[in-house]
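# let me see the structure of the following:
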Amino acid sequence: MPAGGEVAAVTDASFRLDAGECLALIGESGCGKSVLASALLGLLPGNARATGRALLGGDDLDLLSAGERVLAREVRGRRIGLVPQSPSAHLTPVRTVRSQLREILRELTGRRDGEKAAAARAAFPADHLDRYPHQLSGGLAQRAATALALVGDAPLLLADEPTTGLDRDLVERTADELRRHVDEGHALLMITHDLAAAERIADRVAVMYAGRIVELADATDFFGTAGPRHPYARGLLDALPERSFKPIPGMPPELGALPEGCAFAARCPSATDACGVVPAFDGAVACHHAGSSRA
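Residues are numbered from 1 along each chain as shown. Reported below is the predicted structural model:
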């Protein structure tokens, strides 16, 4: 950062994602979800550093130490597909959607046709294939980016807010297509604010707060009767209109000025003096009072 300061955007993130599994990564804006995805693909800005390991596949390729040549030629698109958070910024502005799909099909599959079928997987209308990105609405741009990401049938798909800008019918159709991708044996890391979409297709749920994973749970338990264990995760569900419609009080802390101890303590109804120490993540939850205020 300016003047030499540093911000830990993601800290101690640890999880496993298997073939045929969808992990939904949820949390408020700014908690580090998209930064984590960018780190896996080597797309962090030049002033960022990533430490640790991120192992991909049976050959244990470390994505964090792999060079740009390996990431560009062997990983992106081929082994990891990306549905970007800002599709308009990732689509080539001077080429039509058809042209971009045709190029991806040729590069990843060797085919010289099939644009309509590729577009249909993401519910992108065939009569818009010859339009340029600036002629698309936000929802259409999102569908175009999703279609491009699905072309290579990559073993791992990173979908960063894949339902942004879509109406509910298209949200469900997109979610179902992503679930089919998983059921065919692929892995999906879905970053989303849409908890209904996450409930529809996720096998497990990871909750991030202030750069840390604070809960990792089976989706059936998380959205079901058992419910989340972390107070923040419970607050996310309680804020839904179909549930309590009760907002979490306060605001998330700035990553550059995190408090000592638990970052959620100032907003937490269960906070005590014990929260002056950062709670360790045990593989399921990081909280000194996990489940203590569950109704």
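# would you mark the buried spots in the worst-scoring helix or strand of the chain on mean pLDDT?
Sorting the helices and strands of the chain by mean pLDDT, DSSP states H and E puts helix 87-90 at the bottom, at a mean of 83. By 16 or more other C-beta atoms under 10 Å, the buried positions in helix 87-90 come out as P87, S88, H90. C-beta coordinates here come from the backbone N, C-alpha and C atoms, glycine included.
# same question, stretch 61-81
L61, L63, A66, L71, V75, R76, G77, R79, I80, G81.
# determine which residue lies closest to the centroid of the protein.
In the chain, the C-alpha nearest the mean C-alpha coordinate belongs to I191, at 1.9 Å (C-alpha atoms, centre = their mean).
# can you check what pLDDT the model gives that residue?
For I191, the pLDDT comes out at 97.
# give the contact list for it.
A24, L25, I26, K33, S34, A37, Q85, L158, A159, D160, E161 (C-beta atoms under 8 Å, 6 or more residues apart in numbering).
# in strands, which of the buried residues of stretch 61-81 fall?
L61, I80, G81 (DSSP state E).
# which other helices and strands does the helix ranked longest in the chain contact?
When the chain is parsed with DSSP state H, its longest helix is helix 168-183. Packing partners of helix 168-183 (3 or more C-beta pairs under 8 Å, 6 or more residues apart in numbering; DSSP states H and E): strand 22-26, helix 138-150, strand 156-160, strand 187-191, helix 195-201.
# and the second one, how far out from the chain's middle?
In other words, helix 138-150. Relative to its chain's centre, helix 138-150 lies at 15 Å (C-alpha atoms, centre = their mean, to the nearest Å).
# show me the shaky parts of this protein.
By pLDDT under 70, the weakly predicted segments of the chain are 291-295.
# which residues sit against the least confident helix or strand of the chain?
Residues outside helix 87-90 that contact it (C-beta under 8 Å, 6+ apart): P84, P133, L136, G138, A141, Q142, A144, A145.
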